[in-house]
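>>> predicted model and sequence below, questions to follow.
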Amino acid sequence: MKWITNQEERGKCFMQESRRDMFSITIEHTHLVNDIAYLDHTYCIKKYNSDKENNVTLSEKDMSIQEEIYEIFARLFVKPLLRLSTASKDLHSFLFENYFQEKQCKKSLNNESESLIIQEAAWARGMETNLWFCFLPEGLPYSAIPSESMMWLDSHCVRLLSSRNGVVVGITDIDDGLPKMFMCDPAMKTFTYIEWHGEQKVAHELFYYESAQASLVCGYSFGMELNDHPYDYTLLLFTHHDGDESVSDGWGTGYDVHILKEGKFILKRSNFVTRGRSVLLEEMLPCRDGVYLISDGGDYLAENSSSYFPYIIRYDVENGTNVTIGFPVEVRETFNSYWPFRIFGWDRNLGNSFYESICLASYRNDFLSIWLLTSSVEEQADQYSWRELINVNVFQTCDHLEWTNIFTIGDKSLIFLSKRENFIYRYVLKGKRRGHLEQLSLSRRKSNWAHRFYLYSTTIRPCAI
C-alpha cells in the first residue's frame, strides 16, 4: 500500500480533540508552522549558538511550549494530524518523530473506542468474507480510514485476529499454498508480514478453522511495562498441540503457546491443557494478570463430569501456569447449554491497552446479565469471587428489535446486531447515559452470516517487528 498525500487548503483548520468532551481546537496553519520551526531542536541550537557558544540548551519556556504543542497534537485523531502534516516539511517531521508517535498512541488509549471493525463471514459460501469499519457514530469529519486500507483489508483479510491501539493482526488469503499472518495500521497504511517458519499445520488452522488465535497487547508484557516504542507490544499465538495425547487429558484439548520475538514466533509453552472442554480461542482476553479464556458450553458431557459446567481459565503468561475459575453459583444452578456465555474486559485504566478486570455476560429470557470477577486467589478456583453487576431488559421499550447473540461489550456499552431490522445498535450500560439506545449502522450482511466485532481507534503507530 502506497502512501499518498493530498495538499489541503491553507488557512484555518478546525479539529475535534475528543468525542468525550467535544472540546474544539482551532489552529492557524501559518502561525503553527512558525512555532514548530522555532521549536525545532536544530533551529534552536543554531539560534542559541549565536548567543552562547558551546552552551546550547532550550530555555524552560521553549521546552514548556514545545511540550504543550506535543500534548495538544497527541490528543487529535489521525485524520486531522495527517492533514496538518501536509502543511510543511517541518510540520511533517514534527508529527512523525518517534517521541510524538509514542505520545499519540498512549493518548489514544484515554479515549473511548473510535470505531468498530466488523467482519462478516459465510463459510458455507466458500469462505466468503466482508470486512468494514463502523465509526461511532458515523459521519464525523475527523474519523476516517484511507480507502486503500479498507479495500485491501476487505479483499485480503480472511480472518481478523486482534485489534489493539490502532494495529490489527489478521490472516490473508492463501499465497503459494500457505496463508500469511500480517500486522498493519490501517490509518497509516503501514503493513508487514509475520514469518511462519513453514508451519503448514498452524497456517491452515488459522485459515480454515478457529482452532488457533492471536492476542495483541501494546505497551505491556504481562508483568512489566514496555517502553521500547514501536516494539512495545506482546503478540501471543495459541495453536492446537500436535503430539502424544497420552500426556494430555485424553480429549485432545491441549494448546501450544507461542510468542513473537524479533519477528518470529517461538514456543513459550507446550501442551497447555484445558481440562475436559475445549476453549473458545476467539474469546481470548488480555488482562494485567494474564490471558483469560472461556470454555465452550456444549451439551456433550455427563452431568457427573467435573467439567460439566463451563469455566474460565486464566493463563499466566509470565510463569506459564494456569488456574481454572468456575462460573457464578447462580449460573451453574440454572445452566442451560443453549444459553451462550462470553467474557469481556470491563475496567481499563487510562493509557493501558489491557484490562484490569473481566466480566461474564449472557442473554437469557429477555435479560442481559453481567457478572464481574471482583477478586482472585491462585490456589483454589472456588475462592474466586463473582458479583452480579447488571441485569437489564435491553428491549423493554424496543419491541421491534430481536436478539441474535451477535454482540460485544466495550467502553461499558453493549453493541449488538438486531435480527429483524439487521441494524447494529449500542446500549449504554454504565454512566450518565445509562439505558440510552442508539442505532449505529445497517449491517451489510444478514444475521445468518457469522459476525465478529472488534473495537478500534486510529493511531500513528508504526508496524515494526
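All right, it came through fine.
>>> quick one: buried residues of the helix or strand hosting Thr129?
With the criterion set as DSSP states H and E, the secondary-structure element containing Thr129 is strand 128-135. For strand 128-135, a neighbour-count test (16 or more other C-beta atoms under 10 Å) marks Thr129, Asn130, Leu131, Trp132, Phe133, Cys134, Phe135 as buried. Quick note: C-beta positions are derived from backbone N, CA and C, even for glycine.
>>> measure Asn110 to Asp296 for me?
Counting by C-beta to C-beta, to the nearest Å, the gap between Asn110 and Asp296 amounts to 36 Å.
>>> what do you get for Asn365?
21 Å.
>>> out of those two, which sits in the more crowded spot?
A direct count of neighbours by other C-beta atoms under 10 Å for Asn365 and Asp296 places Asp296 higher, at 14 against 9.
>>> any idea how far the more buried one lies from Tyr311?
Distance from Asp296 to Tyr311, by C-beta to C-beta: 10 Å.
>>> give the intersection of the neighbour lists for these two.
Counting by C-beta atoms under 8 Å, 6 or more residues apart in numbering, the residues touching both Asp296 and Tyr311 are Arg277.
>>> quick check: Ile415 touching Leu440?
Yes: between Ile415 and Leu440 a contact is recorded at 7.2 Å, counting by C-beta atoms under 8 Å.
>>> hey, what's in contact with both of the two?
Leu116, Ile424, Tyr425, Arg426.
>>> now those residues: which count as buried?
When neighbours are counted using 16+ other C-beta under 10 Å, the shared contacts of Ile415 and Leu440 contain these buried positions: Leu116, Ile424, Tyr425, Arg426.
>>> and which of these is nearest to Asp399?
The shortest distance between Asp399 and any of these, using C-beta to C-beta, involves Tyr425 and amounts to 13.8 Å.
>>> do you know how far that closest one is from Leu76?
With distances taken as C-beta to C-beta, Tyr425 is found 29 Å from Leu76.
>>> Phe341 versus the residue lying closest to Glu114 once chain neighbours are set aside, what's the distance?
In space, not counting the residues next to it along the chain, Glu114 is nearest to Ser457; the distance is 4.0 Å by C-beta to C-beta, 6 or more residues apart in numbering. When C-beta to C-beta is applied, the distance between Ser457 and Phe341 equals 27 Å.
>>> likewise Arg426?
Counting by C-beta to C-beta, the separation of Arg426 from Phe341 is 21 Å.
>>> pLDDT weak spots in the stretch 1-150 of the chain?
With pLDDT under 70 as the threshold, the stretch 1-150 of the chain has low-confidence stretches at 1-65, 122-127, 137-143.
>>> assumed Thr324 was part of a strand.
Yes: secondary structure of Thr324, determined by DSSP: H, G, I helix; E, B strand; the rest coil: located in a strand.
>>> is it true that it touches Ile312?
Yes: contact between Thr324 and Ile312 holds when scored by C-beta under 8 Å: they sit 7.4 Å apart.
>>> residue ranges of the helices in the stretch 151-300 of the chain, please?
Along the stretch 151-300 of the chain, the segments classed as helices by DSSP state H, counting those that start in this stretch run 200-208.
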